[in-house]
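**Student:** Below is the structure, and that's it, no one-letter string:
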Ligand code: ATP
């Protein structure tokens, strides 16, 4: 299709070529046919690497290379047994790495799939929301401010449509789009005003487009044969751990060098010392840590998906754990967004919506204004009714329907010809309709802005000049409705002779006639009350930000427990008067911001950030993007959010719910705790191994562990238990503590000291076990050292689960993965002691009852000491 010069054609010609009925769009059968012909609307991504390639990649690791060198050296010196064991261990390690990497990859892919974009199309006469990949040439796309355009197409309708096409043109200023066919030949993309292109963004207005090209045939498909989003997938913690890994690597190599030299000068064999140093280096460096961290993060992210939070940027997982302020929109996030009109006001008369009588001119016009100045609809698809659009507007459609008024029918007599779309800065919207001899403008919006634009008022079917007294009365009634937590919309109209030359707010939304107001309820979400309470315990301040009236906002905030006194609420116009530093000085006083525009949100975020707070901020509109980017955790709405807001956000709430943010914070805290547990475990075990070998060497003992023992212990203890600690359930009371400081070191809270104390005790019991067994023979000594070292690490993993609570309080069996991991690792450990051929290969010996008792007691000692220390500290 792309060979056509679409921008040179009239909409009718395009419809002809593509066989489109502009009223109904394509029929299902036609869509299937075209999908077969043109394929799905997707850009070909980078080819993923094969399993085999990934397996090979496992060997491109410094530690593995050292081990392979050691295997070759052993082979060259005739130590074939060592070669085989080392090779087997490397292989096992690679398989384990591969499984872990696959798991991480799968979850990242699941994440990508979750955030696939959608588009609105007209098919079979209905507006449907479909996956963007399902669009075919000939589809009619409906565009609104905030949408990403999913395919190339030609405009057939445009209302103040502005599009940003920087991905194609490099020009970041949005351009106006209309139906005019450009003059001349070879028009560059930026000047094709009558076309829109895939990956561009609608910044303003609305439009209807016939899709001309999809997938790789689009302009973006042509220039970018391969598009991969370059997201920063490493979290600050991962970066810190990379750094740490490097330092530890250097320290471990230095220690190994020292051990080698000490042993060499003590007259021990060069090969023996070389192998020991290599094994120790491998054991000492927690090379599995990065993979464990990735898995813990991605499993956490998957758990969050189940709880309705999609993480778009991995670093957010970590930031979530430190959140100290959550700024949330009111409508839909704190409330249910199920709007119902309960009151209708016409001058001097407030009535329940059931009592509205459309025989009365004022009441009929009030209902009609809400119905006509409306972009939402209730669509019927295969017998099922589905409301599409803004709940505020849907409520107005439902009110009309209850009174027997239907927009589609009314529009047959009064078709819409122009409009000034809603935006949350202006807080109103207008449509212009053709009548027999003239035109009618319907406007709805926030009551203060509407009143400012009114010249007349409708009273008992007659238009009068509006006076200050009228306005005063209306404002009083508005406040009365708002204080009952009603969302109030003002309604107005005017008749005009001709359509203004330029359609904008000034030309259309002036000299209006006030018709009335509608008041709707939007009940608070039940679960939010509990979450607000949880925030308070967790040291997180919940803040409400809304475009709605102060009185309505206060009423709902009070019900939810967000606010106690009216003093805690402030309006957008007051924020405007404050400088950034004045707001920063007072920001802690306010819990409710009413009548705000999106740009105030940025100011609020900055004010909190100046107090070193970590701010989560919700948003849904196009204009919310800057605030979402500026916030530490931008949260976009999955249901009502625009594509732009989702793109700017770190996290998308699939249920638009405040409580989801709070449970994501809990998950974030738990993930960080778990990563710390894995680090605590791995490093204390490594320190234990180094100390055992180093001390034995210095005091002139034979080496308590052979290189293959060290490698074996390392393989079985570092993998499964460390991973199981990473999926530990959240510690009880995790939301009762204050947020962690965002710059807090991983080793804060006594972790560093604990690693050394635990490592020291593990090292000590290993040497003692060796010493006791050595009395029989060296094999018995090494067997006892090996079992004690491994079992004390298993026991260590149980006590590490909480820094201050006893392991019995946390529940010894409450992490079934850990119990499973210990059982599996213990089986692997004992198999080399109990199965004779393996025992011979590993140069071990069987133990008698007394030695088993020694081993048992010594192995449990580090855990016991750790538990006693917790008790003393408490
Ligand atoms: P929140 O910020 O909590 O989501 P909100 O929905 O009131 O609250 P906006 O969407 O920015 O915030 O709306 C601001 C104001 O604009 C509303 O209080 C209302 O008076 C008016 N308004 C909202 N939706 C429409 C609409 N579809 N048409 C006309 N006016 C509207």
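**Tutor:** On my side now, so go ahead. It should be emphasised that the depicted structure is a prediction, and the values quoted were computed from it without experimental measurement.

**Student:** Residue numbers of the protein in contact with the ligand?
**Tutor:** Applying C-beta under 6 Å from any ligand atom, we find that the chain lies next to the ligand at 329-331, 390, 392-393, 422, 424, 427-429, 444-446, 489, 546-548. The way it works is simple: take the backbone N, C-alpha and C, and place the C-beta from them, glycine included.

**Student:** Among those residues, which ones are in strands?
**Tutor:** Under the assignment DSSP state E, the residues of the chain next to the ligand contribute 329, 422, 428-429, 444-445, 489 to strands.

**Student:** tell me the domain ranges of this protein?
**Tutor:** Domain assignment for the chain by automatic domain parsing gives 6-38+116-220, 236-308+665-728+748-873, 318-336+525-656, 341-521.

**Student:** among the ones you listed, which is the most enclosed?
**Tutor:** Greatest average neighbour count among those goes to domain 318-336+525-656 (a mean of 21), per mean count of other C-beta atoms under 10 Å.

**Student:** measure that one end to end?
**Tutor:** Criterion C-alpha to C-alpha, to the nearest Å; first-to-last residue distance in domain 318-336+525-656 is 21 Å.

**Student:** would residue 463 count as being in a strand?
**Tutor:** Yes - looking at residue 463 with DSSP: H, G, I helix; E, B strand; the rest coil, it is inside a strand.

**Student:** give the contact list for the residue nearest to it when sequence neighbours are not counted.
**Tutor:** Leaving aside its sequence neighbours, residue 463 sits nearest to residue 456 (C-beta to C-beta, 6 or more residues apart in numbering; 4.7 Å). Applying C-beta atoms under 8 Å, 6 or more residues apart in numbering, we find residue 456 in contact with 463-466, 494, 511-514.

**Student:** Pick out whichever of those sits closest to residue 533.
**Tutor:** Nearest to residue 533 out of these is residue 514 (C-beta to C-beta; 42.2 Å).

**Student:** Tell me the residue of the stretch 451-600 of the chain that sits nearest the ligand?
**Tutor:** As assessed by C-beta to the nearest ligand atom, the ligand sits closest to residue 547 within the stretch 451-600 of the chain, at 2.6 Å.

**Student:** sec struct for the residue nearest to residue 463, please.
**Tutor:** Assignment for residue 456 (three-state DSSP): strand.

**Student:** before we move on, back to that, tell me which of the domains of the chain lies nearest to residue 88.
**Tutor:** Minimum separation from residue 88 across the domains of the chain (C-beta to C-beta) falls at domain 236-308+665-728+748-873, 9.6 Å.

**Student:** Start and end of that closest one, how far apart?
**Tutor:** End-to-end distance for domain 236-308+665-728+748-873: 31 Å, by C-alpha to C-alpha.

**Student:** Likewise for stretch 627-637?
**Tutor:** By C-alpha to C-alpha, the extent of stretch 627-637 from end to end equals 14 Å.

**Student:** ok, and what's touching that stretch?
**Tutor:** Stretch 627-637 is contacted from outside by 316, 319-320, 322-323, 327, 329, 332-333, 598, 601-602, 604-606, 609, 614-620, 624, 645-646, 648-653, 656, 661, 742, using C-beta under 8 Å, 6+ apart.

**Student:** what's near enough to touch residue 708?
**Tutor:** For residue 708, the contact set (C-beta under 8 Å, 6+ apart) comprises 82, 85-86, 89, 279, 842.

**Student:** residue ranges with poor pLDDT in the stretch 501-650 of the chain?
**Tutor:** Nowhere does the stretch 501-650 of the chain drop to pLDDT under 70.

**Student:** now the strands for it?
**Tutor:** For the stretch 501-650 of the chain, the strands defined by DSSP state E, counting those that start in this stretch occupy 512-521, 541-545, 569-571, 592-594, 615-619, 633-637.

**Student:** Take those and write them to JSON lines, including distance to residue 789.
**Tutor:** Shown next, in JSON lines, are the strands of the stretch 501-650 of the chain (distance: least, C-beta to C-beta, whole Å):
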{"stretch": "strand 512-521", "distance to residue 789": "66"}
{"stretch": "strand 541-545", "distance to residue 789": "48"}
{"stretch": "strand 569-571", "distance to residue 789": "62"}
{"stretch": "strand 592-594", "distance to residue 789": "59"}
{"stretch": "strand 615-619", "distance to residue 789": "44"}
{"stretch": "strand 633-637", "distance to residue 789": "42"}
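
**Student:** I'd like to know which helix or strand in this protein has the lowest mean pLDDT.
**Tutor:** Lowest by mean pLDDT, DSSP states H and E among the helices and strands of the chain is helix 80-114, with a mean of 73.

**Student:** Where is the longest helix in this protein?
**Tutor:** For the chain, the helix with the greatest residue count under DSSP state H is helix 658-698.

**Student:** before we move on, the earlier item: across the sheet, point out what pairs with the residue nearest to residue 463.
**Tutor:** Beta-bridge partners of residue 456, counted by DSSP bridges, are residue 465, residue 513.

**Student:** Please read off the pLDDT at it from the model.
**Tutor:** Listed pLDDT for residue 456 reads 97.

**Student:** Give the rounded mean pLDDT of stretch 724-736.
**Tutor:** 91.

**Student:** and what of stretch 783-792?
**Tutor:** Rounded mean pLDDT across stretch 783-792 is 96.

**Student:** what's near enough to touch the closest residue in space to residue 143 that isn't next to it in sequence?
**Tutor:** Closest residue in space to residue 143, ignoring its immediate chain neighbours: residue 207 at 4.4 Å, by C-beta to C-beta, 6+ apart. Residue 207 sits next to 142-143, 155, 157-159, 161, 177, 196 when contact means C-beta under 8 Å, 6+ apart.

**Student:** mind checking how far the closest residue to residue 201 other than its chain neighbours is from residue 426?
**Tutor:** In space, and not counting its chain neighbours, residue 201 is closest to residue 164: 4.6 Å by C-beta to C-beta, 6+ apart. In this view, residue 164 and residue 426 are 20 Å apart by C-beta to C-beta, to the nearest Å.

**Student:** circling back to that earlier point, pull up the gap between the residue nearest to residue 463 and residue 512, please.
**Tutor:** Distance, residue 456 to residue 512, by C-beta to C-beta: 7 Å.

**Student:** Could you name every residue contacting both of these two?
**Tutor:** Common contacts of residue 456 and residue 512 (C-beta under 8 Å, 6+ apart): residue 494.

**Student:** possible to save the ones in strands among the residues of the chain next to the ligand as JSON lines with distance to residue 8 and pLDDT?
**Tutor:** Formatted as JSON lines, these follow (distance: C-beta to C-beta, whole Å; pLDDT from 0 to 100):
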{"residue": "329", "distance to residue 8": "44", "pLDDT": "93"}
{"residue": "422", "distance to residue 8": "34", "pLDDT": "90"}
{"residue": "428", "distance to residue 8": "38", "pLDDT": "95"}
{"residue": "429", "distance to residue 8": "34", "pLDDT": "95"}
{"residue": "444", "distance to residue 8": "40", "pLDDT": "97"}
{"residue": "445", "distance to residue 8": "40", "pLDDT": "96"}
{"residue": "489", "distance to residue 8": "44", "pLDDT": "96"}
